[in-house]
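Undergrad: please find the sequence and the predicted model below.
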Amino acid sequence: MFGFIQKINWDAVLGTTIRVGKDILIAVLLLLLGTLVLKGIRKGMIKTGVDTLVSKFILSALKVLLYIVIIILLLGAVGVNTASIVTVLSAVGLSLSLALKDSLSSVAQGVFLLAVRPFSAGQKIEVEDIQGVVRKITLFYTEIVVEKEDNTETDNDERVVRTTESDGEKIAFIPNNRVSKAILITKDKNPSAETPR
């Protein structure tokens, strides 16, 4: 009845258990270390005054990267061929980046605009002959209150995501990859503009 227990190669079982346990321990330690590093980065960003939107974006990206590394380590620990997983993830990442290149460009420029702040809410800028006061800067686009005397047609303009009428103001939503080339016209701030979050 217990003959199969005698046939088990206990040295191999012990070796596999130790190897898998070691890999799982490394993954857990990496998770703990990564969490501490992320907390340190967050505290550093708060101390240096990095915009909240930028810091959340960077921390989220780092957290996803950390989890991917840990999952790959754990899969490798249980015997899954991780080379093929890394290859598939690379192919998916490449195809997504090519499909979303304009959006990713706007996000990258949004992070740049929020971090460097060449202009901020309330300042008058000109973006490809559209003049107005910056209302809000987000990761994907910048809201500009178009001046009343500016007769530039923005409703059907392909450079503008959309325009809305709010409280009698015409607001243009311009992608950040276009706003990065904006010219700052005045440094004084309009108090009615919304400050970036």
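TA: Structure received.

Undergrad: residue contacts, the residue nearest the centre of the chain?
TA: Centrality entry for the chain: nearest residue to the mean C-alpha point is Phe57, 4.1 Å, by C-alpha atoms, centre = their mean. Contacts for Phe57 (C-beta atoms under 8 Å, 6 or more residues apart in numbering) come out as 107, 111, 139. Placement of C-beta: from N, CA and C, glycine included.

Undergrad: mind doing that once more with 10 Å?
TA: By C-beta atoms under 10 Å, 6 or more residues apart in numbering, Phe57 lies in contact with 51, 107, 110-111, 114, 139.

Undergrad: what about those residues, which one has the most neighbours?
TA: The most crowded member of the contacts of Phe57, judged by other C-beta atoms under 10 Å, is Gly110 (25 neighbours).

Undergrad: grab the longest helix from the chain for me.
TA: Longest helix of the chain, by residue count under DSSP state H: helix 10-48.

Undergrad: residues near Lys170, how many?
TA: Neighbours of Lys170 (other C-beta under 10 Å): 18.

Undergrad: and it, that's in a strand?
TA: Yes - counting by DSSP: H, G, I helix; E, B strand; the rest coil, Lys170 is located in a strand.

Undergrad: can you tell me how far the residue nearest to it when sequence neighbours are not counted sits from Val20?
TA: With C-beta to C-beta, 6 or more residues apart in numbering as the criterion, Lys170 has its nearest non-adjacent residue at 4.4 Å, and that residue is Val146. Note on Val146: its distance to Val20, by C-beta to C-beta, to the nearest Å, is 62 Å.

Undergrad: higher neighbour count, the two?
TA: More neighbours surround Val146 than the other of Val146 and Val20, with 19 against 15 (other C-beta under 10 Å).

Undergrad: isn't that one right up against Gln131?
TA: Yes - Val146 lies in contact with Gln131 (C-beta atoms under 10 Å); the separation is 7.3 Å.

Undergrad: in the protein, which helix or strand is least confident?
TA: None of the helices or strands of the chain scores lower by mean pLDDT, DSSP states H and E than strand 162-166, at a mean of 63.

Undergrad: pLDDT (mean, whole number) over stretch 177-184?
TA: On average, the pLDDT along stretch 177-184 is 80.

Undergrad: if you could redo that for stretch 8-20, that was the one I meant.
TA: 80.

Undergrad: relative to helix 10-48, how tilted is the helix or strand harbouring the residue nearest to the centre of the chain?
TA: Assigned by DSSP states H and E, Phe57 belongs to helix 52-77. Counting by axes from the mean of the first three to the mean of the last three C-alpha atoms, to 10 degrees, helix 52-77 lies at 170 degrees to helix 10-48.

Undergrad: after helix 52-77, which helix or strand is next? Please name it.
TA: Next along the chain after helix 52-77, taking DSSP H and E as the criterion, comes helix 82-99.

Undergrad: what comes into contact with the helix or strand just after that next one?
TA: Counting by DSSP H and E, the next helix or strand C-terminal to helix 82-99 is helix 101-116. If you take C-beta under 10 Å, 6+ apart as the criterion, helix 101-116 is touched by 45, 50-55, 57-58, 61, 96-98, 100, 118-120, 134, 137-142, 161, 174-182, 196-197.
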